[in-house]
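Enquirer: 3D, please:
(chains A and B)
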Amino acid sequence: MNPSDLIPVADNLTAHWGWFQFLLMLTFPLHLFAMNALLGAGMIAFVSHLLPGRVHHELSDELAKALPFLVAFTVNLGVAPLLFVNVIYGHLLYSSTVLMGLFWLAVIPILIIAYYMAYIYDFNFKKLGNLAMFVLMGVLALLLLVGFIFSNNMTMMINPSTWIRWFSTPGGTLLNLADPVLLPRYIHIITGSLAVGGLFTAVYAATVLKHDFEVSEAGQRLGMRLFTWLTLLQFVIGTWFLLTLPQEVMKRFMGGDALSTALLAIGILLAVATLVTGYQRRVMISLWLTLPLVYLMSFLRDSVRTGYLTPYFDMTKVPVDAQWSPLLFFLVTLVLGIVVIVWMVSKLPAFKRSN
Amino acid sequence: MNYPVWYVPSFGGGLLIALVAIVHVFVSHFAVGGGLYLVLTERKAIREQDASIMAFVKRHTKFFMLLTMVFGGLTGVAIWFVISLIHPAATSLLIHTFVFGWATEWVFFLVEIVALFIYFYTFGKMDDRTHQIIGWIYFGAAWFSLFLINGIIGFMLTPGAWITNNNFWSGFFNPTFWPSLFFRSFMSFMLAGCYGFLTATFIGDETARHRMIRYSGIWALSSLALSLPAGWWYLSVLPLQAGRLVSGASPTISNAVMVGAFSMAALAGLLITLILLNPGARTRGLIVIVMIAAMGYMGAFEWTREAARRPFVVNEVMYSNSILKKEVERINREGFLKNAKWVKHKEINADNQIEAGKELFLHQCFACHTLKGFNNDIFVRTRNMSYNAMRKYLATIHEKRYFMPPFAGNESELKALAAYLTNGLHNKPLTENAGTGDDRGKTLFEENCAACHSAEELKPKMAGWSREKVRGALDRLPALNPAMSDYTAPPADKDAMTVYLFGLNNPGTAAPGVDKGATLYDENCSSCHSMDQLKPKMKGWSLEKIRSSLDSLPALNPSMPDYNGTSEEKDAMADYMSRQTGGAK
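Expert: Below you'll find the model as predicted:
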């Protein structure tokens, strides 16, 4: 059976595909920022548990307070890109979702448990004593599991040749484990997330926690160390990932596709630059270099997807029945929403004090 | 047919959707009404300068945040996950049609989260006025979320003018939009009162506790009262077919409505008792019952809304099995399997008929029917039917029972599905056109027995057997000889074969009319009623009573369709039923 025969017909779009691609590329890195901060803060808090002294204990406690916020924003900021992925690639995503239905559904209870555990860790930090570390370990393990389930779906949806397994196993119990790209891809994104998360933790320590000099210092030191070492490691893992990609996809980054090659080159240069600033513990400059780097990496990720799907699907060919007023309605609401959020945040006592 | 099917035979996806949806609406409506409750209760505390009420509001906010933001938020995502898994085609339709509606809802979701975090963490650390404004922003964003989701959910039941113009706003402001919005808003305020009840019982100070219990009770009771006319308005704008279903044509729906009504009455009664008779008691147990009743009310409403659009997932647009209404004619002409993506057998032949039939079952029936599961079990529902009866039933299934989608496919596909449902599941014989005439029993004998037994060989063995003995033997063939397998045909076929076998030793006893009534019964009634079920119900009925009932079946039970056979056919069927039930002449 030809895998192309299985690919469902995509529904018509209600705006030019460029809008959805733009919104996807705009919002996905926002989800990554929140997710990276969550994993990074969790990891630093965990490492702090293993280190002795009041300062490290305080640091864990301070980071514990941030975790529930970060879970909430990771989920919320994940909704928007998932929506736009549904619009462009829904017919592929739903197919692979059915193949791994049981695992996909498991994401929800796992997240609910992780979320409540994050609150338990935060609200009962002192009461829990040494147990706190294990609660946090549980949160991190569950979150990494969610990431692994997502990696499976995201790699399976772009690989229709694996779909034929449904005919013998239709119960939603399939994963994409046989794909040699899965593991390097997953490790690549987790390493990147922890690195960026380490940097965010350092930024958090340098700004919000600056009232306690020692805690702030410890946070910056641990965060920047995690950031630098993992970024260095990423050169090895990234290369491994690149080399396991199918030939025709890999070639896109080796001159086959000018834009992808250029983006990769800029990405590597930026990463080298962050290594230098990270090593020098220059927190804010590292941040300003890393934010565009995360955007770049998500563009590269998109290019991988396009490479995989070239024989199967071209989003520019999907018919469009444009309706402008709903798009306008969304954009106006988005602007108003951002204005309201900025106003609310400006009213926070912490902000008032610093002004 | 466009997508694969998540196939766990004994487990129905529909039930999973219902469970997740009901749990979610119970929390998500609280997330809306609770916002108003918080901000107004806080205002009350500020105005009355009452520290105990303020402490209660703060504690209630923590409970509210932990419940609505974590559980409510994630079960909302869960609905999306579940429907994209179980109804991918419908999810795709909703996502594509309303993408910017969903995107706008996401903005409100984001505003809600920021507002709620700030509201909770700045209690006592912000001036009252700003804190109140943050609370109002939370409620506004939450209510607008409801506003948006309400439009999209209402679209599924009443797509209105969207069907012809495909316009976003026509689908969004659909015929049930406003009544449903009012109803849901009042429900959300009622739930806010209920949850307030619960947390108020934990207030230590007795006076404050009594006051807040009474306060929450008035909230819940007045919202409940207001939800009644909104609910009535909603029912009155339902489209004709959906309205019929809600008012009793489908047994499950009328049950759901009944449960809703009863729990609502129970809820109102309990609330009144609680507030007026015994405001001073610690009534936590009673409040849990109130909460369950509220859940019943809400759940019945959601269940009804889901069920009322049967056999569609988007009314008049897409059937529950993901087939578009406008495509059925083309599929009937060209064939289903040829047009389907996720099937192995594109053409049907003698070797793959059952396998192809199973694929048709998977793509056309499994959306609502489990296989040996606990929800709408297809195995139980098909066991009384013969292959022929199934074929005839499938051909007019939507006309006979409106809430079932029509079979979509060509003639050989229909036969393949019938073959799977009868032979594949129950090992029943695939006797094509056994006919209704005198030789039906003979044909059945030839198809099922002649491979091992000739009529000549059997005739002396059955000499002296009564008609009843022959008939009884067909029910337990292995008892005659363990080498024989069960004859699993429906009673009507066994009756026909009995006539033939008995006639071997008693020529001239075959009565042609006998078979006709049995066949008609098999084809028209057996899908829902086995004769064994009917016997006790019709005990003592006269032939005339049976005959006249066949003229007005809906009068017996609103969910039964009219039987539109000729007067002669009704006579034959009444005659057969009368004999089977031992009715008085």
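Enquirer: Give me the pLDDT for B:Y576.
Expert: Note on B:Y576: pLDDT of 85.
Enquirer: Where does it sit, in terms of helix or strand?
Expert: helix B:567-581 (DSSP states H and E).
Enquirer: how far away is A:M297 from A:T231?
Expert: To A:T231, A:M297 is 12 Å away according to CB to CB, to the nearest Å. C-beta here means a position set from N, CA and C on the backbone, and glycine is covered the same way.
Enquirer: Likewise for B:I118?
Expert: For B:I118 relative to A:T231 (CB to CB), the value is 34 Å.
Enquirer: and these two? which has more neighbours close in?
Expert: Counting neighbours by other CB atoms under 10 Å in any protein chain shown for B:I118 and for A:T231 shows that A:T231 has the greater number, 25 against 21.
Enquirer: What average pLDDT does the helix or strand that the more buried one is a member of get?
Expert: According to DSSP H and E, A:T231 maps onto helix A:213-244. The average pLDDT within helix A:213-244 is 96.
Enquirer: what's that helix packed up against?
Expert: helix A:17-50, helix A:54-99, helix A:182-207, helix A:258-279, helix A:283-309 (3 or more CB pairs under 8 Å, 6 or more residues apart in numbering or on different chains; DSSP states H and E).
Enquirer: returning to what we had before: please point out which parts of the helix holding B:Y576 sit buried.
Expert: Under the neighbour-count criterion of 16 or more other CB atoms under 10 Å in any protein chain shown, helix B:567-581 has B:569-578, B:580-581 buried.
Enquirer: With stretch B:19-29 instead?
Expert: In stretch B:19-29, counting by 16+ other CB under 10 Å, buried: B:20-29.
Enquirer: May I ask which two of those are separated the most?
Expert: Within the buried residues of stretch B:19-29, two members stand farthest from each other by CB to CB: B:V20 and B:H29, at 14.8 Å.
Enquirer: Contact residues of the stretch 151-300 of chain B facing chain A?
Expert: For the stretch 151-300 of chain B, the contact set with chain A under CB under 8 Å from any CB of the partner chain comprises B:166-169.
Enquirer: Take those and keep only those in helices.
Expert: Among these, DSSP state H puts B:168-169 in helices.
Enquirer: so which of the residues of the stretch 151-300 of chain B next to chain A is the most crowded?
Expert: B:F168 (23 neighbours).
Enquirer: wait, what's in contact with that one?
Expert: By CB atoms under 8 Å, 6 or more residues apart in numbering or on different chains, B:F168 lies in contact with A:14, A:323, A:325-326, B:97-98, B:100-101.
Enquirer: What ranges does the stretch 351-500 of chain B have for its helices?
Expert: Here the stretch 351-500 of chain B has its helices, by DSSP state H, counting those that start in this stretch, at B:353-364, B:378-382, B:387-395, B:397-400, B:411-419, B:425-426, B:440-448, B:455-461, B:467-475, B:477-480, B:491-505.
Enquirer: which secondary structure elements does the third one contact?
Expert: It refers to helix B:387-395. So helix B:387-395, by 3+ CB pairs under 8 Å, 6+ apart, packs with helix B:411-419, helix B:512-524.
Enquirer: Would you mind putting those into CSV with mean neighbour count, distance to chain A and mean pLDDT alongside?
Expert: Listed next are those as CSV, based on neighbours: other CB atoms under 10 Å in any protein chain shown; distance: least, CB to the nearest CB, whole Å; pLDDT from 0 to 100:
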stretch, mean neighbour count, distance to chain A, mean pLDDT
helix B:411-419, 22, 18, 95
helix B:512-524, 22, 33, 73
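Enquirer: For B:C368, give its distance to B:Y487.
Expert: 31 Å.
Enquirer: By average pLDDT, which secondary structure element in the chain comes out worst?
Expert: You didn't pick a chain, so chain A it is. helix A:349-354 (a mean of 64; mean pLDDT, DSSP states H and E).
Enquirer: um, chain B though
Expert: Per-SSE averages on chain B (mean pLDDT, DSSP H and E): minimum helix B:240-244, a mean of 62.
Enquirer: What values do phi and psi take at the residue in the stretch 451-585 of chain B positioned nearest to chain A?
Expert: Closest approach between the stretch 451-585 of chain B and chain A, counting by CB to the nearest CB: B:S527, at 26.9 Å. The phi/psi pair for B:S527 (degrees, to the nearest 10) reads phi -60, psi -30.
Enquirer: need the contact list for it.
Expert: B:381-382, B:384-385, B:389, B:393.
Enquirer: repeat for B:R305
Expert: B:153, B:157.
Enquirer: now swap in B:P561 and tell me
Expert: B:400-401, B:553-554.
Enquirer: Might you list the low-confidence residue ranges for chain A?
Expert: By pLDDT under 70, the weakly predicted segments of chain A are A:351-355.
Enquirer: same thing but 50
Expert: A:355 (pLDDT under 50).
Enquirer: returning to what we had before: could you point out the member of the residues of the stretch 151-300 of chain B next to chain A that lies closest to chain A?
Expert: Looking across those and measuring by CB to the nearest CB, the closest to chain A is B:F168, at 4.6 Å.
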